[in-house]
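> here's my sequence, what's the structure:
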Amino acid sequence: ERTPAMLRLLLLASLAAACAAECPMFGTPPEGHPPIVLPHIPRDVGYLEDYLAALDEIDFAAVKTDITAALSEENSIWPFDDVKSYGPLLIRLASNCAGSYRESDGRGGCDGANIRFEPELSWADNTNLEKARMLLKPIKEKYGLGLSWGDLIVLAGNTAVEAMGGPASGFCGGRVDSADGGETDMLGPSEAQQKAYPCVEAGNCQAPLGTTEMGMVYVNPGGPMGDATKTQEMADQIRRVFGLKNFNDEETVALIGGGHTFGRAHGPCPAGAGPPPSENVNSPWPGLCLEGHYTSGYHGAWTETPLVWNNDYFKNLETHSWMHYAGPSGKHQWKINSTETDLPEIMMLTSDIALKTDEKYHAIVKQFSEDQTALDEAFKQAWYKFMTQDMGPHARCVGEDVGADVTDDEVEWKTQSRVEPKNARSQPNAESVKDQVRSVMATVVEDVEPDTFGGSDDYGATFIYLAYRCAATYRQSDFLGGCDGAYIRFPPESDWDVNEGLLDVMEKILKPVYDHFEGFLSWADLITYAGITALEDMGSEPIEFCGFLGDAPNGRTQDRLDWSGQGNNLREWMELTGLEPRDVVALRAMPRSMMSLERAGYTGSWSEETQMLSTDFYKVLMAEKWLPFVSNGKQQYKADKKPLYMLVEDMHILWDPEFYAIAEQFVGDEEEFKAAFSLAWSKLINLGRLAAPSEWDKIGMEEAEEPPEEEEITTSAASVGSTVEMVAAVFMAAVAVVCSSRC
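Below you'll find the predicted structure:
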């Protein structure tokens, strides 16, 4: 069982934005640049503490029992039709709640249950799903705060699948409900989405949008823009959209066919469902047909047994010839193409026919039509991934049925696994690590050009850049990234342009330090300590870091990360990491490694050599006239008539009035700036932390030995306790300090 104590640590690590500054936003960046969008404010600390305490008391098995009873109890909210169960409706609710996830920025998914809010609430694909939630409302009220809407929706989908004979795939609990729809406002349609990520071609929206049409969770099931004749184009869209949600071909076919095994579509007349919640909040989607429900506008079931799990969907799709026709609502769907009279009353959608049209999809359809066991296993794995992948590391899961039947080691998405050093619980004294780092900082090695600092060759700024690049990938939207795991050592991160040459820095400069503490220090800790050492030598105040990060065996769980989509937009990066405005403004003034920037394809920096940590960065930024400049295809800005350069991220401080006001404060108070920088860096390096030392006893750590030097075992600044709560206190203290300052 994953305990709420573990979840508490991980949630507190994401609280940097909990007390985000309240200054109003105004002004815009230059034409053509992504807009500046006011960030969403997440749940406050008090709510999270109350929720975690209540979550500890939840009996998910009892919740499942109540859901099972509700499946067959008819409710006037949504009367039964010929399908005498709410199972299919609750599966659709869970599918559309989880299906909003997109890998481009980790937004969407059922963690947060944002399907309760606009814009998701009024998506055409979510027609009448507010009624499905009302069916679950008595259960939510019975269990209260500890049973989040996100957990209830997913558990309802799981329970419905199992109740109709489908494979059980386990349940990862611990979703935290959002206070509003701000977390997924960028999914659209919204003004912010339209400015940042517009859908240029209706019916063919492109990444980072995770759908082909605004208001759809996946694709238009009737074909591209409703054209039922374009079945191969439909298949191409399905592959692209499901790929954006991190699914391969087999998973895609299993989820579509498995989902359509249950229930039926509703569209008995052309009148439609009526106005959505955004237009009629008191009585949304009342249904304008004289008889029957109206949801998608398509009409009929895919199988003759819509309440039974089997592979009939695939048998029907494979064995029959199909023709498209206009259904009762006027929308085009498909029926069996035969003159025989004794035919099953079933239908298919263009999105179904596309699976038979496409050669690769068709091979999987044929396999599932012939092998029920293969379908069972594929659906079990895909469904658990579907419901869970926005939850991040497996350690965040709560409950006694966490992936109980999903044990395949090849399921790489399942967890951000880490390997702690053999004797990690006896981590070396922080000062001895720093001394070793200093011993290599000024020693020039072949093929790694150093920076100039104080007139001498020095790798300090390079170490700062490495630590920043390792930690800055974290995103709280799906809990990927961060330096815990040191994924920067592996593809995809090691292959990014911005990380060019950093493998050499680790292997040729820092490796002797790693070898010196072999078995006692992880790469993640070493990278972090290297950055701290350089910063403190360059004028930073002491930086809090408790150590005990681990190393991942590979980088496969990070395949969804894409720095290109967030790195240049400082507001976007701030929102995804959970940092505050003061944090991101302070961090931009970190000492620059011109050599690291050059290796990454950039030209120069704001100073002609690495500088001590100070407010000089802001002074130069504010004093010069900056002109657009392109270096190796990368956008930068160059001072007019001077060899000084800024990155796009730096320019956001000039474009964003809130950032600019904070920078002005820092210029006027060097001491305040350094305090803010130290706190911001401490937050940054702790983003994405998976577990505290006390958790390692649970995963088979060997008995610790003594570190290389006989010194008191400690960490920087102060000794850190071995419990989750004590590590969490570091973050609580950080939040308290930040909340005391408003811009």
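
> strands along this structure, start to end?
264-265, 300-301, 322-326, 332-336, 451-453, 456-458, 626-631, 634-639, 645-647 (DSSP state E).

> contacts for the third one?
This means strand 322-326. 228, 229, 332, 333, 334, 335, 336, 337, 348, 350, 353, 356 (C-beta atoms under 8 Å, 6 or more residues apart in numbering). In short, each C-beta sits where N, CA and C put it, glycine included.

> likewise the last one?
The set of residues that contact strand 645-647 without belonging to it, under C-beta under 8 Å, 6+ apart, is 568, 602-606, 621, 626, 629, 631, 636-639.

> okay, now the unreliable bits of this structure?
Applying pLDDT under 70 to the chain flags residues 1-45, 403-426, 563-568, 690-743.

> how much space between residue 230 and residue 223?
Per C-beta to C-beta, to the nearest Å, residue 230 is found 5 Å from residue 223.

> joint contacts of those two?
residue 350.

> quick one, which of the two is more surrounded?
Neighbours were counted for residue 230 and for residue 223 using other C-beta atoms under 10 Å; residue 223 has more, 24 against 17.

> can you pull the contacts of the more buried one?
For residue 223, the contact set (C-beta under 8 Å, 6+ apart) comprises 229, 230, 231, 233, 234, 332, 350, 351.

> ok, and what's touching stretch 78-91?
Applying C-beta under 8 Å, 6+ apart, the contact partners of stretch 78-91 are 67, 70-72, 74-75, 128-129, 131-132, 134-136, 153, 156-157, 159-161, 163-164, 259, 262-264, 266, 292-293, 301, 306-307.

> please enumerate the helices of the stretch 501-650 of the chain.
Using DSSP state H, counting those that start in this stretch, the helices assigned to the stretch 501-650 of the chain run over residues 502-504, 511-516, 523-537, 570-577, 581-587, 594-599, 616-623, 648-655.

> re the thing from before, could I get the strands of the chain as TSV with distance to residue 687 and mean neighbour count?
Formatted as TSV, the strands of the chain follow (distance: least, C-beta to C-beta, whole Å; neighbours: other C-beta atoms under 10 Å):
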stretch	distance to residue 687	mean neighbour count
strand 264-265	43	21
strand 300-301	47	20
strand 322-326	50	15
strand 332-336	47	20
strand 451-453	26	20
strand 456-458	27	15
strand 626-631	29	14
strand 634-639	25	19
strand 645-647	21	22
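
> out of those strands, which is closest to residue 591?
Taking C-beta to C-beta, strand 451-453 is the member of those nearest to residue 591, at 8.0 Å.

> what sits up against that closest one?
Here strand 451-453 has contacts from 457-462, 538, 591, 593-596, 609-610, using C-beta under 8 Å, 6+ apart.

> buried subset of those residues?
458, 459, 460, 461, 462, 538, 591, 593, 594, 595, 596, 610 (16 or more other C-beta atoms under 10 Å).

> what about residue 641, neighbour count?
9.

> swap in residue 72?
Neighbours of residue 72 under the rule other C-beta under 10 Å: 13.

> now do the closest residue to it other than its chain neighbours against residue 78, distance only.
Using C-beta to C-beta, 6 or more residues apart in numbering and skipping the chain neighbours, the partner closest in space to residue 72 is residue 85 (5.9 Å). For residue 85, the distance to residue 78 (C-beta to C-beta) stands at 11 Å.

> more neighbours, those two?
Neighbour totals were compared for residue 85 and residue 78, and residue 85 leads with 19 against 15 (other C-beta under 10 Å).

> okay, residue 372 and residue 675: tell me how far apart.
Taking C-beta to C-beta, one finds residue 372 at 64 Å from residue 675.

> spatially central residue for the chain, please.
residue 478 (2.3 Å; C-alpha atoms, centre = their mean).

> got a list of what that one touches?
101, 106, 109, 111, 389, 390, 391, 392, 560.

> my guess is the last one meets residue 102, correct?
No. With contact defined as C-beta atoms under 8 Å, residue 560 does not count as touching residue 102 (9.3 Å).

> between the two, which one's more packed in?
Taking other C-beta under 10 Å, residue 560 and residue 102 do not tie; residue 102 has more neighbours (26 against 21).

> what about the more buried one, distance to residue 394?
The gap separating residue 102 from residue 394 is 21 Å, by C-beta to C-beta.

> same deal with residue 346?
39 Å.

> between these two, point out the one with more neighbours.
Set residue 346 next to residue 394 and count neighbours by other C-beta under 10 Å: residue 346 wins out with 20 against 17.
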